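Engineer: Just a sequence and a predicted model for now, questions to come.
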Amino acid sequence: MQFPTFATLFLLAMALMNLYIWRRFLRHISHAKARYLMIIPILLMAGDIFFILEIVTRIIPDSPALYVITSSFVGFTFMLFVIAIVYDTTITVSKRVPVNQQRRRVLKLIFDVTMLVAAFAYLLRGFSQGIKFPETNRVQVKIKNFPRKQLNLVQLSDIHVGRTIKRDFIEQLVAQTNQLNPDIVVITGDLVDLPVSEIEYDLYPLKNLNAPTYFILGNHEYFHGPGEAIAYIRELGITPLLNEHIVIGEGDQQFNLVGLTDLVGARTGLYPPDTANAFAGCDQNKSTIVLAHQPKMITEMNGKRFDLMLSGHTHGGQIFPFGFLVMAAQPYLAGLHAHTPEQQIFVSRGAGYWGPPLRFLAPSEISQLIIQPA
């Protein structure tokens with residue numbers, strides 16, 4: 001999808017949400033001054049428009065605080081839209097309940113106050129979870145005939161280094177990853193959210209990861225120059241896997257690690273995913289772990305043998321209940337799933353965020369997978 005089309009559809013969706021927030025929630029609040037609440041969707045819509053303009057023009061100074069404020073309008077629009085749906089649905093249903101008018105007015109006033117408090121709590125909780133540093137999510141994975149007694153693998157995904165996620169975050173992320181003493185580290189895409197030339201300083205601490213580290217492209221790398229990202233990743237001592245595989249381990253403890261480029265490449269023609277090339281010469285008798293940014297890549301494997309796929313991209317929905325929309329495009333949202341009796345997929349919620357620093361019921365994570373034979 002080209003950006004002008006995306007921007008148009010995005011702003012149309014924001015406009016409809018803000019209109020719904022006003023018509024079906026704010027203007028029905030039981031207060032004489034409720035009409036003045038119209039300023040809320042007007043300000044939100046102005047912020048939504050400014051957010052898109054900023055992406056195009058970069059007119060905001062390089063200030064994380066200013067960008068947080070700007071991008072938060074988008075998150076607040078969505079979250080108030082969710083509250084408005086709950087409010088509208090409850091009011092509509094309650095009108096069918098036989099209650100005298102005096103009692104109905106009292107109950108509505110109580111409900112209105114409750115919903116305003118709930119809206120504030122929802123926004124506050126989303127912001128507090130969004131800016132919180134990711135915790136470690138430790139997951140046990142059993143693979144049939146896995147050749148090692150235990151593999152300690154750390155997956156970092158969807159970090160989105162850019163306007164607000166900077167060097168101090170990466171330094172802390174690297175330190176926490178090293179404390180887990182991983183055997184290998186994999187970065188499953190969407191590492192960057194700006195051209196690498198602008199964030200080399202912020203990415204540099206990745207050089208201090210103690211374990212062998214492997215990287216695949218996510219869709220956001222394509223937005224900011226995948227070739228530049230790959231070149232700098234190599235400078236940091238990290239190995240990109242671009243539709244290729246490597247064998248890890250020695251002797252009878254070997255397994256395959258396969259890295260695929262992102263599905264966006266199929267549309268752009270730049271670094272398109274190629275399972276045939278990735279598995280060329282791959283010993284299919286060995287246990288195989290596949291790195292693929294988007295979970296739906298699991299449906300594009302063309303019969304290739306693998307035991308475990310590691311993905312990201314979804315952010316676990318980032319702001320509940322947005323995950324339900326994500327699941328319309330992706331087969332898995334977060335966590336470990338059995339795709340077939342012989343194939344599993346783990347989807348990380350990601351260590352960072354995109355857009356507003358908001359998360360709700362989808363906390364960020366450093367994923368630690370302890371892989372053992374079944």
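Structural biologist: Looks like it came in fine.

Engineer: quick one, what contacts the residue positioned nearest the centre of the chain?
Structural biologist: Centroid-nearest residue in the chain, with C-alpha atoms, centre = their mean: residue 315, separated by 2.4 Å. Counting by C-beta atoms under 8 Å, 6 or more residues apart in numbering, residue 315 touches 158, 326, 349-350, 353-354, 359, 362. No exception for glycine: its C-beta is placed from N, CA and C like everyone else's.

Engineer: And the pLDDT at it?
Structural biologist: In this prediction, residue 315 carries a pLDDT score of 97.

Engineer: Just give the nearest non-adjacent residue to it, would you?
Structural biologist: Counting by C-beta to C-beta, 6 or more residues apart in numbering, the nearest residue to residue 315 once its immediate chain neighbours are dropped is residue 350, at 4.9 Å.

Engineer: and the one you found, how many neighbours?
Structural biologist: Other residues near residue 350 number 32, with proximity taken as other C-beta atoms under 10 Å.

Engineer: Surely it and residue 159 touch.
Structural biologist: Yes. Counting by C-beta atoms under 8 Å, a contact exists between residue 350 and residue 159, whose distance comes to 7.3 Å.

Engineer: do you know how far residue 178 is from residue 134?
Structural biologist: Remark: distance between residue 178 and residue 134 (C-beta to C-beta, to the nearest Å) = 15 Å.

Engineer: Those two: who's more crowded?
Structural biologist: It is residue 134, of residue 178 and residue 134, that has more neighbours when counted by other C-beta under 10 Å, with 23 against 15.

Engineer: Is it correct that the more buried one is in contact with residue 368?
Structural biologist: No. No contact is recorded between residue 134 and residue 368 when judged using C-beta under 8 Å, the distance being 11.3 Å.

Engineer: quick revisit: ramachandran coordinates for the residue nearest to the centre of the chain?
Structural biologist: When read as degrees, to the nearest 10, the backbone of residue 315 gives phi 60, psi 20.

Engineer: distance of it from residue 154?
Structural biologist: Summarising the geometry, the distance separating residue 315 from residue 154, computed by C-beta to C-beta, is 18 Å.

Engineer: can you check residue 309 too?
Structural biologist: 16 Å.

Engineer: Could you do residue 271 as well?
Structural biologist: In this structure, residue 271 and residue 154 are 25 Å apart, going by C-beta to C-beta.

Engineer: mind checking pLDDT for residue 52?
Structural biologist: As summarised for this prediction, residue 52 has a pLDDT of 86.

Engineer: before we move on, what about residue 1?
Structural biologist: Value for residue 1, per-residue pLDDT: 54.

Engineer: Ok, residue 368 next?
Structural biologist: 98.

Engineer: Walk me through which strands the helix or strand where it lies pairs with, and which way each runs.
Structural biologist: Under the criterion of DSSP states H and E, residue 368 resides in strand 365-373. For strand 365-373, sheet partners with direction are given as strand 135-143 (parallel), strand 151-156 (antiparallel), following DSSP bridges.

Engineer: what are the C-alpha coordinates of the last one, in PDB please?
Structural biologist: Once non-C-alpha atoms are left out, strand 151-156 reads as follows in PDB (Å, rounded to 0.1, in the frame of the first residue of the first chain):
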ATOM      1  CA  LEU A 151      19.200 -24.300  24.100                       C
ATOM      2  CA  ASN A 152      18.800 -20.900  25.800                       C
ATOM      3  CA  LEU A 153      17.600 -18.600  23.000                       C
ATOM      4  CA  VAL A 154      16.700 -15.000  23.500                       C
ATOM      5  CA  GLN A 155      14.400 -13.300  20.900                       C
ATOM      6  CA  LEU A 156      14.300  -9.600  20.600                       C
END
